[in-house]
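Trainee: sharing a sequence plus its predicted fold:
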Amino acid sequence: MAEFNVDLFVIGGGSGGVRAARIAAGHGARVMLAEEYRMGGTCVIRGCVPKKLLVYASHIHHEIGDAAGFGWTIPSATFDWPTLIANKDKEIARLEAAYTANVEKSGARIVKTRAAFEDPQTLRLATGEAVRARYVLIATGGAPNHGLAIPGIEHVISSNEVFHLNALPKRIVIQGGGYIALEFACIFAGFGSDVTLIYRGENILRGFDDDVRSHVRAEMEKEGISIITGSTVDKVEKHGKEFTTHLSNGSSIASDQVMFAIGRHPNVANLGLEKAGVAINPNNGGIGVDGFSRTSVPNIYAIGDVTHRLNLTPVAIREGHAFADTVFGKRPVEVDHVNIPTAVFSQPEIGTVGLTEAQARAQFSHVDIYKVDFKPIKATLSGRDTRVLMKLVIDGSTDRVVGCHIVGDGAAEMVQVLGIAVKMKATKADFDATLALHPTSAEELVTMQTRTARHVREAAE
């Protein structure tokens with residue numbers, strides 16, 4: 001029998017890889033984890049966490065603006081971008097240290113270097129060291145994708161560089177219509193930047209419920225964000241410190257910064273996958289895996305964004321934990337990727353779980369819709385022009401709630417809890433039987449009595 005230096009070698013120190021390493025070590029496995037950049041991965045270092053800190057910072061202008069209606073007189077406020085970025089960097093450094101410490105406390109060993117396959121059970125480190133591993137877990141995540149190599153693409157920043165800008169841009173053009181593009185459009189608008197969002201589709205947030213898409217777009221446009229759909233960036237020119245972005249519709253926009261957030265691709269390059277015989281999924285470009293995250297090679301697994309299944313940090317964490325329990329805990333666990341709650345930290349915030357109305361109508365013969373659109377109580381005194389959207393999608397044959405969609409303050413917090421109800425297959429009657437908590441926006445979820453739409457699909461002849 002061949003000798004192995006470790007029972008598990010993890011490539012990637014992001015949230016999924018870290019969780020897998022810790023749990024596997026807890027099951028008694030000898031674990032080595034290789035990370036070539038910083039521990040914590042995209043989410044901690046240049047993703048969810050720093051983004052949310054910037055969201056909080058940018059939202060303060062709303063609080064200042066709302067204050068007068070509640071009797072507060074606040075002197076003219078000033079904002080300092082370098083202070084925010086410095087404070088953000090301190091917090092990220094603290095979290096990186098915590099991630100490192102937690103892995104090491106579990107008994108796993110971290111090597112701060114790149115690793116690539118030489119064969120299915122041999123990894124070559126950039127230091128020259130070769131490591132033989134009984135099992136290998138690929139958790140290298142994803143990276144921003146700029147798309148086509150248009151003229152001037154070298155002038156464009158991504159969601160990596162945006163966290164390290166030396167100064168707040170007074171004008172910024174952002175191409176994209178998904179999570180990242182919307183979140184940063186709202187962040188910069190909150191700091192007072194002139195923001196133009198470019199998206200190739202007919203409306204932003206492809207894949208979300210159509211009512212959510214329309215509502216969020218209207219709210220963003222109220223905040224002064226210019227949204228141009230049905231168009232793409234063809235060329236970016238630089239003139240000194242200014243950029244000119246040329247669009248496919250023939251127009252051009254001057255700005256101080258240009259950012260692309262048009263998607264992410266799996267980090268599969270230069271890992272030696274071909275030497276190990278690991279197959280790529282031809283449908284999405286990620287590493288192909290089965291329900292237990294096993295690749296085409298029996299001893300090699302992959303989790304998180306590198307598989308391009310569902311690119312959310314909690315999904316990677318759950319997959320990493322399930323892998324460790326399955327392989328080292330001798331308790332097979334298959335992750336359920338259905339009804340996963342998610343949020344977009346735009347302004348206003350989006351929280352959603354389950355099916356959109358369109359998805360439900362394609363799946364069920366009878367679909368009932370309950371929807372409300374109202375001014376939140378806070379806005380009655382603040383005078384801010386904003387509205388909340390709440391929508392329930394019901395399987396009309398069983399009364400089961402199959403989708404919940406919220407746009408407004410606290411949407412993500414509400415949907416995290418709603419995710420439990422949807423996962424437990426709660427019915428509309430269960431919602432109705434729940435007493436309202438007044439006065440809250442969330443009480444509308446259990447007081448919607450009037451069905452706003454019913455869709456019945458005719459049986460095929």
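Mentor: It's in.
Trainee: quick one, grab the pLDDT at the residue nearest in space to the middle of the chain.
Mentor: What sits nearest the mean C-alpha location of the chain, by Cα atoms, centre = their mean, is Leu312, with 5.2 Å. Looking at Leu312, its pLDDT reads 94.
Trainee: around Gly291, how many other residues sit close by?
Mentor: Counted by other Cβ atoms under 10 Å, the residues lying close to Gly291 total 12. C-beta here means a position set from N, CA and C on the backbone, and glycine is covered the same way.
Trainee: then the one 3 residues further on?
Mentor: The criterion is other Cβ under 10 Å. On that basis, Arg294 has 18 neighbouring residues.
Trainee: from Glu413, how far out is it?
Mentor: Remark: distance between Arg294 and Glu413 (Cβ to Cβ, to the nearest Å) = 35 Å.
Trainee: pretty sure Phe323 contacts Phe292?
Mentor: Yes. The pair Phe323 and Phe292 qualifies as a contact (Cβ atoms under 8 Å) at a distance of 7.4 Å.
Trainee: joint contacts of those two?
Mentor: Shared contacts of Phe323 and Phe292, defined by Cβ atoms under 8 Å, 6 or more residues apart in numbering, are found at Tyr301.
Trainee: the two: which has the busier surroundings?
Mentor: Higher neighbour count among Phe323 and Phe292: Phe323, with 30 against 15, using other Cβ under 10 Å.
Trainee: that one falls within a helix, correct?
Mentor: Yes. Inclusion of Phe323 in a helix is indicated when DSSP: H, G, I helix; E, B strand; the rest coil is applied.
Trainee: which of the residues in stretch 105-121 are buried?
Mentor: Judged by neighbour count (16 or more other Cβ atoms under 10 Å), stretch 105-121 contains these buried residues: Ala108, Ile110, Val111, Arg114, Ala115, Ala116, Phe117, Pro120, Gln121.
Trainee: out of those residues, who's nearest Thr307?
Mentor: Phe117 (16.7 Å; Cβ to Cβ).
Trainee: in which helix or strand would I find the closest one?
Mentor: Using DSSP states H and E, Phe117 falls within strand 115-119.
Trainee: quick one: that strand to chain centroid distance?
Mentor: The chain centroid and the centroid of strand 115-119 are separated by 30 Å, computed with Cα atoms, centre = their mean, to the nearest Å.
Trainee: pretty sure Val236 sits against Ile153.
Mentor: Yes. Between Val236 and Ile153 there is a contact at 7.0 Å, judged by Cβ under 8 Å.
Trainee: who has more neighbours, these two?
Mentor: Val236 (21 against 15).
Trainee: that one belongs to a strand?
Mentor: Yes. The assignment for Val236 (three-state DSSP) places it in a strand.
Trainee: in the longest helix that the chain contains, what counts as buried?
Mentor: The single longest helix within the chain, with elements called by DSSP state H, is helix 81-105. By 16+ other Cβ under 10 Å, the buried positions in helix 81-105 come out as Leu84, Ile85, Lys88, Ile92, Leu95, Glu96, Tyr99, Thr100, Val103.
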